[in-house]
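**Q** A predicted structure for the sequence below; I have some questions about it.
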Amino acid sequence: AQKVTQAQTEISVVEKEDVTLDCVYETRDTTYYLFWYKQPPSGELVFLIRRNSFDEQNEISGRYSWNFQKSTSSFNFTITASQVVDSAVYFCALSEFSFSGNTGKLIFGQGTTLQVKP
Amino acid sequence: NAGVTQTPKFQVLKTGQSMTLQCAQDMNHEYMSWYRQDPGMGLRLIHYSVGAGITDQGEVPNGYNVSRSTTEDFPLRLLSAAPSQTSVYFCASSSSSRGLDLQHFGDGTRLSIL
């Protein structure tokens, strides 16, 4: 069965610290997508990144970076020089991917609550 | 661009009452799905649809009904609300076309069952 595990329930850091959120997944599929979403206190889900299973290149977007390693089934998310506005719940998710493409189904991890203190 | 619209945003029900959570999208997406979010459990898939007239169960379907008569709408029905259904509900839609298959989420419906 497919599964996503975010072992860190809550993380608290002081502003300007770097922080890494861990994500480990399980799937038998050879083709799949991995996602990170941010849920700020206002409650909406904000898409951050999507990575397909054939692209193991690390991604950097401003203060955000992602490290995808198929060998360890991990897709970790690092925030550099954290800010108070980064305080949110972060979800890692895995999509089922059929031969014809998207299946419209996501499997989410339990989420990691990040608190950035001033 | 409205995207995915969920109504209502908040609702309080008594045990045993019924209600329908509405979800509409204006992007002509084939796929639509409902998730519930509970503390410490992330989002779990309730039901999903791959097109008008086609629905299937997700991970936690019990107590919920869905139908998909049009591409745009995917309502979620609670026939007899139970306190265990207190949750935040998210509707999502996506396209089956590669490159356009990113999921779009509504803003959520916060439901409390007393």
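**A** Structure received.
**Q** for B:Thr15, see how far away the closest residue to B:Gly16 other than its chain neighbours is.
**A** In this structure, B:Gly16 finds its nearest non-sequential neighbour in B:Ser80, 5.4 Å apart by Cβ to Cβ, 6 or more residues apart in numbering or on different chains. C-betas here are computed from N, CA, C, even on glycine. Taking Cβ to Cβ, to the nearest Å as the criterion, B:Ser80 is separated from B:Thr15 by 8 Å.
**Q** same check, this time on A:Ser61
**A** For A:Ser61, the distance to B:Thr15 equals 46 Å [Cβ to Cβ].
**Q** what sits against the residue in chain B that chain A sits nearest to?
**A** Nearest residue of chain B to chain A: B:Tyr31, at 2.8 Å (Cβ to the nearest Cβ). Counting by Cβ atoms under 8 Å, 6 or more residues apart in numbering or on different chains, B:Tyr31 touches A:102-104, B:48-51, B:93-96.
**Q** now A:Lys38. Nearest residue, chain neighbours left out?
**A** A:Val46 (4.4 Å).
**Q** flag every residue of chain A that's near chain B.
**A** In this structure, chain A approaches chain B at residues A:4, A:6, A:9, A:35, A:43-45, A:47, A:50, A:91, A:93, A:95, A:100-111, judged by Cβ under 8 Å from any Cβ of the partner chain.
**Q** point me to the helix or strand that includes the closest residue to A:Thr103 other than its chain neighbours.
**A** In space, and not counting its chain neighbours, A:Thr103 is closest to A:Glu96: 4.2 Å by Cβ to Cβ, 6+ apart. Of the helices and strands defined by DSSP states H and E, A:Glu96 is found in strand A:88-98.
**Q** B:Tyr35 contacts B:Val88, doesn't it?
**A** No: with contact defined as Cβ atoms under 8 Å, B:Tyr35 does not count as touching B:Val88 (9.0 Å).
**Q** tell me which of the two has more neighbours.
**A** Between B:Tyr35 and B:Val88, B:Tyr35 has the larger neighbour count (other Cβ atoms under 10 Å in any protein chain shown), namely 27 against 16.
**Q** is that one in a helix, a strand, or coil?
**A** At B:Tyr35, secondary structure determined by DSSP: H, G, I helix; E, B strand; the rest coil is strand.
**Q** which residues touch the nearest residue to A:Gln8 once chain neighbours are set aside?
**A** Distances taken as Cβ to Cβ, 6+ apart put A:Thr112 closest to A:Gln8, at 4.7 Å, once the chain neighbours are dropped. Residues counted as contacts of A:Thr112 (Cβ under 8 Å, 6+ apart) are A:6, A:8-11, A:21-22, A:89-90.
**Q** now, the most widely separated pair of these?
**A** With distance counted by Cβ to Cβ, no two of those lie farther apart than A:Asp22 and A:Val89, which are 14.5 Å apart.
**Q** out of these two, which sits in the more crowded spot?
**A** Taking other Cβ under 10 Å, A:Asp22 and A:Val89 do not tie; A:Val89 has more neighbours (21 against 16).
**Q** what is the residue nearest to the spatial centre of chain B paired to in the beta sheet?
**A** To find the centre residue of chain B, average its C-alpha atoms and take the closest one (Cα atoms, centre = their mean): that gives B:Trp34, at 2.9 Å. Counting by DSSP bridges, B:Trp34 forms beta bridges with B:His47, B:Cys91.
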